[in-house]
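> sequence plus predicted model, see below.
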Amino acid sequence: MTGTAQAPEGRKARPEHLSRVVFLAAAAAMGGFLFGYDSAVINGAVVAIRDRFDVGSELLAQVIAAALIGCAIGAATAGRIADRIGRIRVMQIASVLFIASALGSALPTALWDLALWRVIGGIAIGMASVIAPAYIAEVSPSAYRGRLASFQQAAIVIGIAVSQLVNFGILNLADGEQRGEIGGFEAWQWMLGIMVVPALIYGLLSFLIPESPRYLVSVGRTEEARKVLREVEGKTVNLDTRVTEIEQNMRHERKPSFKDLLGGKFLFLPIVWIGIGLSVFQQLVGINVIFYYSSSLWQSVGIDPESSFLYSFETSIVNIVGTVIAMLLVDRLGRKPLALIGSVGMTISLGLAAWAFSYKTGTGKDISLPDLQGTVALFAANFFVLFFALSWGVVVWVLLGEMFPGKIRAAALGVAASAQWIANWLITVTFPPLSDWNLSGAYVIYAAFALLSIPFILKWVPETKGKALEEMG
């Protein structure tokens, strides 16, 4: 009955209140923008950092991936912290950590120093990655929740694109040299330091949005919760009924803990394993290889540094287009169909990339591809990004914000997000040695994971389209 009542209320909210909800979702998703920005900005500094600190590929990969360790820590702790002090306070803490990381990463005294600031930035990303989908799901009318939850991924891909534009602009000012000086600092330092600007915006926005109504009810601030519910669900909503629904849901809950996630034969509850599976598959298809290493990858196949940045930016535009497609379809077509379409497309694209890179000649920085295979590699990379963006890029964040029962939502989302960052770390640190060993083989491995995701979706992933959060579980 809850789900039946929710959809009409969401539709009534559209004319007068949807713009307000859109603003709330966009403000929360600013953490996703910083996630995307930080993920891709390092791409422009990889070569300079290698030269500045005179390190090999494996150690460099560890430094780049250091942020992902922080991400896992931030994701694992954010849910518990948010249940104690609120969603908004966690956003503000993340903003401060983002600012500190940007400044520290731009002014490192040694390689370990850079790695430490990367970890701090990663903690902020992990916290934001958990809070944004949870907050958006809790303030969104059910009729629009999928599209609003997809703001998280839209913000991520816009952050990636903006960071690449910034990197390209800085590189031009430095005459194409990542270590070229601008105002007394090297170009790569400016690339990392400019993240202070969006981090400040994120912090300021957090002071302009209300706390989640579900959190407010959980701490006894019922009148504030009623005010927020009226803002996001419209004047026609029965506030007494909505507050009662949330309170009844809360009565069967207690503060989530790690123990609440345990059960069944394999440690965690089945729904938690499904969330972990979604997170892990999203990373094991190798998407972040494109964004962490794309410039150096294209340079390695004969494209000059300045043009490689343009190719990377063009890939980001494809990413944005795919995300917009997903935003338009996720509430109409559903979560599972989109995920299946993406899995099939990614499997084919990665297979083509593996074939193209099997023709490479040379080693290290001197590898090259024949013209045909080079063209296929470029097209395959772009189609892979497109299929990922219109499916798994959006669908996973939507599902993680929706699929868990209320009593374990924050804790389960934290565990799933932590698994995502660990898988991301694994892909990031293994790609350089894998590519040195067999670049084609690396893409075969990613294609195999894309293929395996198909039966996983069909057998275990639930469809959450059109359901109220109180129905989950």
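The structure has been received and is ready for your questions. These figures come from a predicted structure and were not determined experimentally.
> packing partners for the helix or strand containing R89?
R89 belongs to helix 87-106 when assigned by DSSP states H and E. In terms of contact count using 3 or more Cβ pairs under 8 Å, 6 or more residues apart in numbering; DSSP states H and E, helix 87-106 is assigned the packing partners helix 30-41, helix 57-85, helix 111-139, helix 187-193, helix 196-206. Bear in mind the C-beta positions are built from the backbone N, C-alpha and C, glycine included.
> flag every buried residue along that helix.
87-95, 97-102, 104-106 (16 or more other Cβ atoms under 10 Å).
> check stretch 183-191 too.
By 16+ other Cβ under 10 Å, the buried positions in stretch 183-191 come out as 186-191.
> CSV for those residues, including pLDDT and distance to G441?
Below are the buried residues of stretch 183-191 laid out as CSV (pLDDT from 0 to 100; distance: Cβ to Cβ, whole Å):
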residue, pLDDT, distance to G441
E186, 90, 35
A187, 88, 34
W188, 89, 31
Q189, 92, 35
W190, 93, 37
M191, 91, 31
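> not counting sequence-adjacent ones, nearest residue to Y359?
Q373 (4.3 Å; Cβ to Cβ, 6 or more residues apart in numbering).
> and that neighbour, what element?
Using DSSP H and E, Q373 sits within helix 371-389.
> now whatever helix or strand comes next after that helix: mean pLDDT?
Sequence-wise, the next helix or strand downstream of helix 371-389 (DSSP H and E) is helix 392-402. When pLDDT is averaged over helix 392-402, the result is 85.
> which strands or helices does helix 392-402 pack on?
helix 111-139, helix 145-149, helix 151-173, helix 270-284, helix 305-329, helix 335-357, helix 409-460.
> dump those to a markdown table, plus mean pLDDT.
A markdown table is the format used below for these (pLDDT from 0 to 100):
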| stretch | mean pLDDT |
| --- | --- |
| helix 111-139 | 88 |
| helix 145-149 | 76 |
| helix 151-173 | 85 |
| helix 270-284 | 91 |
| helix 305-329 | 79 |
| helix 335-357 | 93 |
| helix 409-460 | 85 |
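> any idea which of those gets closest to S391?
helix 335-357 (2.2 Å; Cβ to Cβ).
> surely S95 touches G203?
Yes. Contact criterion Cβ atoms under 8 Å: S95 and G203 qualify, at 3.3 Å.
> what touches both of those two?
Residues touching both S95 and G203 by Cβ atoms under 8 Å, 6 or more residues apart in numbering: none at all.
> returning to that earlier point: would you mind finding the most buried of the helices and strands packed on helix 87-106?
helix 30-41 (a mean of 27; mean count of other Cβ atoms under 10 Å).
> what comes up buried for the next helix or strand after it?
Per DSSP H and E, the first helix or strand lying C-terminal to helix 30-41 is helix 46-53. Buried residues in helix 46-53, counted by 16+ other Cβ under 10 Å: 46-50, 52.
> pLDDT averaged over the helix holding R89, what's the number?
According to the model, helix 87-106 has a mean pLDDT of 94.
> next, the angle from it to helix 111-139.
Here the directions of helix 87-106 and helix 111-139 differ by 160 degrees (axes from the mean of the first three to the mean of the last three Cα atoms, to 10 degrees).
> for helix 87-106, output the C-alpha coordinates as PDB.
The C-alpha atoms that make up helix 87-106 are tabulated as PDB, following Å, rounded to 0.1, in the frame of the first residue of the first chain:
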ATOM      1  CA  ARG A  87      24.100  13.400   6.500                       C
ATOM      2  CA  ILE A  88      24.900  17.100   6.200                       C
ATOM      3  CA  ARG A  89      27.600  17.100   8.800                       C
ATOM      4  CA  VAL A  90      29.300  14.200   6.900                       C
ATOM      5  CA  MET A  91      29.200  16.300   3.700                       C
ATOM      6  CA  GLN A  92      30.900  19.100   5.500                       C
ATOM      7  CA  ILE A  93      33.600  16.900   7.000                       C
ATOM      8  CA  ALA A  94      34.300  15.500   3.500                       C
ATOM      9  CA  SER A  95      34.600  19.000   2.100                       C
ATOM     10  CA  VAL A  96      37.300  19.900   4.600                       C
ATOM     11  CA  LEU A  97      39.200  16.800   3.800                       C
ATOM     12  CA  PHE A  98      38.900  17.500   0.100                       C
ATOM     13  CA  ILE A  99      40.400  21.000   0.600                       C
ATOM     14  CA  ALA A 100      43.300  19.700   2.800                       C
ATOM     15  CA  SER A 101      44.000  16.900   0.200                       C
ATOM     16  CA  ALA A 102      44.100  19.300  -2.700                       C
ATOM     17  CA  LEU A 103      46.500  21.700  -1.000                       C
ATOM     18  CA  GLY A 104      48.700  18.900   0.300                       C
ATOM     19  CA  SER A 105      48.900  17.000  -3.000                       C
ATOM     20  CA  ALA A 106      49.900  20.100  -4.800                       C
END
